[in-house]
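Trainee: What shape does this take:
(one chain, ligands or ions: 1)
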Amino acid sequence: MTDVRTRFAPSPTGFLHVGGVRTALFAWLVARQSGGTFILRLEDTDQKREVEGSAEHLQASLKALGINYDEGPDIGGPYAPYIQSQRLDSYKQWAQKLIDAGRAYADPYTADELQAFRDEAKNNKKAFLYRDHRPENPPVWDGTMPLRFKSEPKQYNWHDEVMGDLHAGPEVIDDFILIKSDGFPTYNFAHIVDDAQMHISHIIRGQEFISSQPNYLNLYEALGLAFPLFATMPHIMAEAGNKKLGKRDGAKDVLDYIRDGYLPEALVNFIASLGWNDGTEQEIFTRDELIEKFSLARVQHSGARFDEQRLLWMNGQHIRLLSLDDLYDRVTDFWPELAKSASVDYKKHILALVQDRLKTLADLPTLTSYFFSEPSVDWTMITGNKQLGSLSRDDINSYLTTAKDALSASEFDPESVQNTLNSLLESTGQKPGILFSLIRIAVSWAPFSPSLNDTLSILGKDTVIARLQSTIDYAG
Ligand code: GLU
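Mentor: Model prediction:
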């Protein structure tokens, strides 16, 4: 086979959502696993739909996810420019080839005339086909009228790497527009010219283009081009119901997910799993494993379901896979405010303690703020607690006083603290579920905290004693 060259060809019409990322990711995986080349091309020929800033946003999103491209608008490459609006000359030249070969013609009709043809077809209960109205003597194309492809309708059977063997009859093939009256090519024309010039080997794109595929095949033939490989991605479905994923269903901007504390590798893993699996039960894949195991042939035909809870779970799993130093480097922006002045060592200790409990990096303040600032007392955490709710204030006072005295006399490394805690169970005759929960709440006032001896050891003796004392005072 020729060299693998895949491309992601978004239109800069908004932010990059999950569906777009999946197309980019699969194209990237195919290139990376075969030592091929991955290309970013901006398809900005529909200038009315263009959204300011979205080209930069697309590039930033791909970079944030580690979906790096080898050729693209901002880095150039052998087939630059990679922005369609800068390649208008090339579309004109290819259009001229088609005109010269008698395979393209100027469309002379006004919008009203076209509408009349449509209405007529409708009244006759026929599908509208432009080619039924081909002008007999079309004017010379001067660029002010649309240029249309003169199709040669026929039956096509073709293979799609994902969807399998497909076919369509001549009735779906029509004379589509190649160049619009504003001088810009249509997507239908421009992508074929570019893919040919850029030697793209695999066209990996969304399902919305599959119905146009026979028309594209007809144009490839008219241009004397060999067909590349095609791979059509099924839709991503919303979590509930049977509709396509939309913005309101959580298909938010990928950069927002990163800002919300999701790891790029978790997003990549999650997005890869939308419609793909490796045939085993494995769910967590590193980037390298995805490169090794991905295959278009294992992408499902039907819509994949977007389940944000699953993403959250995967994120927690990927957080656990990080080394402490790596995790530390990534949480810089997520510490609670007061952590800024704390020492690196102190913060790393805390991070090691909570690593297994983080579902997103943004959980860090809730899980750790009591390490950096005095927690405020919330007595309902005691009264509302199943095990502690029935304790009287006197009981609480006496347990905490016993604990305070024992801990004051204890060494404060985690092991010594554990020994002291164990001996407290004996001296008070209480269960850990009660005594340890009470101490935990009294020093943290947090709904959950990691192992008690480690927590106390990191907080340090002075803080622990002072917090126990203020809870004792509060209990009265
Ligand atoms: N510009 C098209 C889009 O954004 C790309 C389709 C393709 O990959 O060929 O939907």
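
Trainee: Quick one: name the residues of this structure near the ligand.
Mentor: Contact residues, the chain versus the ligand (Cβ under 6 Å from any ligand atom): 9-11, 43, 187, 191, 205. The C-beta positions use only the backbone N, C-alpha and C, and glycine is treated the same way.

Trainee: Narrow those residues to those in helices?
Mentor: If you go by DSSP state H, the residues of the chain next to the ligand have 187, 191 in helices.

Trainee: For residue 179, give me phi and psi.
Mentor: Note on residue 179: its backbone torsions stand at phi -130, psi 130 [degrees, to the nearest 10].

Trainee: Could you check the pLDDT of it?
Mentor: Residue 179 is assigned a pLDDT of 98 by the prediction.

Trainee: Quick one, grab the pLDDT at the spatially closest residue to it that is not a sequence neighbour.
Mentor: Spatial nearest neighbour of residue 179, chain neighbours left out: residue 147 (4.2 Å); criterion: Cβ to Cβ, 6 or more residues apart in numbering. Note on residue 147: pLDDT of 98.

Trainee: Residue 147 and the ligand, how far apart?
Mentor: Distance, residue 147 to the ligand, using Cβ to the nearest ligand atom, to the nearest Å: 20 Å.

Trainee: ok, now residue 348?
Mentor: Taking Cβ to the nearest ligand atom as the measure, residue 348 and the ligand are separated by 44 Å.

Trainee: hang on, that residue is in a helix, isn't it?
Mentor: Yes. Per DSSP: H, G, I helix; E, B strand; the rest coil, residue 348 lies within a helix segment.

Trainee: what's the burial count for the closest residue in space to residue 180 that isn't next to it in sequence?
Mentor: In space, and not counting its chain neighbours, residue 180 is closest to residue 146: 5.6 Å by Cβ to Cβ, 6+ apart. Close neighbours of residue 146, defined as other Cβ atoms under 10 Å, add up to 19.

Trainee: go on, the one 5 residues further on?
Mentor: Using other Cβ under 10 Å, residue 151 has 22 other residues around it.

Trainee: got it, and the one 10 residues further on?
Mentor: The burial metric for residue 161, expressed as a neighbour count using other Cβ under 10 Å, is 17.

Trainee: ditto for the one 4 residues further on
Mentor: The local packing count at residue 165 equals 8, with neighbours defined by other Cβ under 10 Å.

Trainee: hmm, back to that, is the residue nearest to residue 179 bridged to anything, and to what?
Mentor: Listed beta-bridge partners, residue 147: residue 106, residue 179 (assigned using DSSP bridges).

Trainee: So it is in contact with residue 141, correct?
Mentor: Yes. At 5.4 Å, residue 147 counts as touching residue 141 under the criterion of Cβ atoms under 8 Å.

Trainee: Which one of these two is surrounded by more residues?
Mentor: residue 147 (25 against 20).

Trainee: give the contact list for that one.
Mentor: 95, 99, 104-107, 141, 177-179 (Cβ atoms under 8 Å, 6 or more residues apart in numbering).

Trainee: can you rerun that using 6 Å?
Mentor: Residue 147 is in contact with 95, 104, 141, 178-179, counting by Cβ atoms under 6 Å, 6 or more residues apart in numbering.

Trainee: which two from those end up farthest apart in space?
Mentor: With Cβ to Cβ as the measure, no two of the contacts of residue 147 lie farther apart than 141 and 178, at 9.9 Å.
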